[in-house]
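Visitor: Dropping the sequence and predicted coords here.
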Amino acid sequence: MSLFAKAQEVFELPNADLIYRPKFIEESEASDLFNHLINTTPWQQDDINIFGKTYAQPRLTALYGVEDKPYSYSGITMHPHRFTKVLLALKHNIEEISSQPFTSVLLNLYRDGNDSNGWHADNEKELGKHPVIASLSLGESRWFHFKHRTLKQERHKLLLEHGSLLIMKGEMQEHWLHQIAKTKRKVKPRVNLTFRKLINL
Ligand SMILES: O=C(O)CCC(=O)C(=O)O
Ligand SMILES: [Fe+2]
């Protein structure tokens with residue numbers, strides 16, 4: 001995989017370490033990976049429960065893990081597939097760049113502007129106290145919104161581009177929420193992969 005030497009951007013934020021690498025994967029390789037993942041991933045759509053009502057999750061997902069350990073969030077329990085060769089190679093590259101081992105990757109497919117991921121933090125117990133989460137984006141660019149839980153002026157957005165890697169670490173999941181909002185713009189599909197480390201509780 002060709003990694004670009006282009007400098008990463010480190011954002012100065014209270015209670016968060018956020019690093020953005022716009023060209024983590026070179027354009028044509030990112031496109032090949034995008035097509036491969038769109039076509040070969042066993043995408044699923046789960047039901048989520050919000051205030052006692054059941055909705056279809058507004059995106060498709062798939063979970064891969066080095067172990068069979070299930071992962072639960074928003075009332076959904078996902079059972080992992082075993083890592084494919086392609087995802088394992090990607091995991092190794094991302095581990096190297098982020099100096100962090102990962103056990104799992106959650107894939108999200110946003111089919112169009114109606115697909116989204118509501119305000120949340122990745123703060124499940126099995127991620128540990130201050131998790132490092134590495135998020136690779138492929139396909140259509142979408143805005144990543146993030147806001148501090150108590151410092152109301154701390155509200156930002158970052159365009160996550162094709163082939164980019166975003167690393168969230170430090171206290172970010174404790175103090176900030178993030179989302180991918182719906183958009184009325186005509187947007188093509190986007191695949192996002194979030195690498196995580198699940199710990200034994
Ligand atoms: O699609 C994204 O960039 C964010 C995904 C995300 O926040 C998650 O899966 O927890
Ligand atoms: Fe998240």
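Guide: On my side now, so go ahead. Numbers count the residues shown, from 1 in each chain. Ligands and ions are numbered 1, 2, ... in the order given.
Visitor: just the helices in this protein please.
Guide: If DSSP state H is used as the criterion, the helices of the chain fall at 27-40, 85-98, 172-175.
Visitor: Format these as CSV; extra columns: mean pLDDT.
Guide: Conversion of those to CSV gives the following (pLDDT from 0 to 100):
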stretch, mean pLDDT
helix 27-40, 98
helix 85-98, 97
helix 172-175, 98
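Visitor: mind checking which of these is nearest ligand 1?
Guide: Ranking the helices of the chain by their distance to ligand 1 (criterion: C-beta to the nearest ligand atom) puts helix 172-175 first, at 9.7 Å. For the C-beta atoms, the positions are set from N, CA and C on the backbone; glycine is no exception.
Visitor: buried sites along the closest one?
Guide: For helix 172-175, the buried set under the neighbour-count rule, 16 or more other C-beta atoms under 10 Å, comprises 172-173, 175.
Visitor: ok, so of the residues you listed, who is nearest residue 126?
Guide: Nearest to residue 126 among these, counting by C-beta to C-beta, is residue 173 at 12.5 Å.
Visitor: List the contacts of residue 56.
Guide: With contacts taken as C-beta atoms under 8 Å, 6 or more residues apart in numbering, residue 56 has the following neighbours: 45-48.
Visitor: between the helices of the chain, which one is nearest to residue 70?
Guide: Evaluated over those, closeness to residue 70 peaks at helix 85-98, with 18.0 Å, by C-beta to C-beta.
Visitor: any idea of the angle the closest one forms with helix 27-40?
Guide: Angular relation of helix 85-98 and helix 27-40 on a 0 to 180 degree scale: 130 degrees, by axes from the mean of the first three to the mean of the last three C-alpha atoms, to 10 degrees.
Visitor: Let me see the mean pLDDT of stretch 16-25.
Guide: Averaging the model's pLDDT scores along stretch 16-25 yields 95.
Visitor: touching ligand 1 at all, that stretch?
Guide: No. Against ligand 1, stretch 16-25 shows no contacts by C-beta under 6 Å from any ligand atom, the least distance being 11.6 Å.
Visitor: How far does that stretch stretch from one end to the other?
Guide: Separation of the first and last residues of stretch 16-25 by C-alpha to C-alpha, to the nearest Å is 24 Å.
Visitor: List the buried residues in that stretch.
Guide: Of the residues in stretch 16-25, those with enough neighbours to count as buried (16+ other C-beta under 10 Å) are 16-25.
Visitor: Can you tell me what sits against that stretch?
Guide: Counting by C-beta under 8 Å, 6+ apart, stretch 16-25 makes contact with 1-4, 6, 8-11, 33, 97, 136, 138, 146, 158, 161, 163-172, 175-176, all of which sit outside it.
Visitor: mind running it again at 6 Å?
Guide: Residues from elsewhere that reach stretch 16-25, judged by C-beta atoms under 6 Å, 6 or more residues apart in numbering: 4, 6, 8-11, 161, 163-170, 172, 176.
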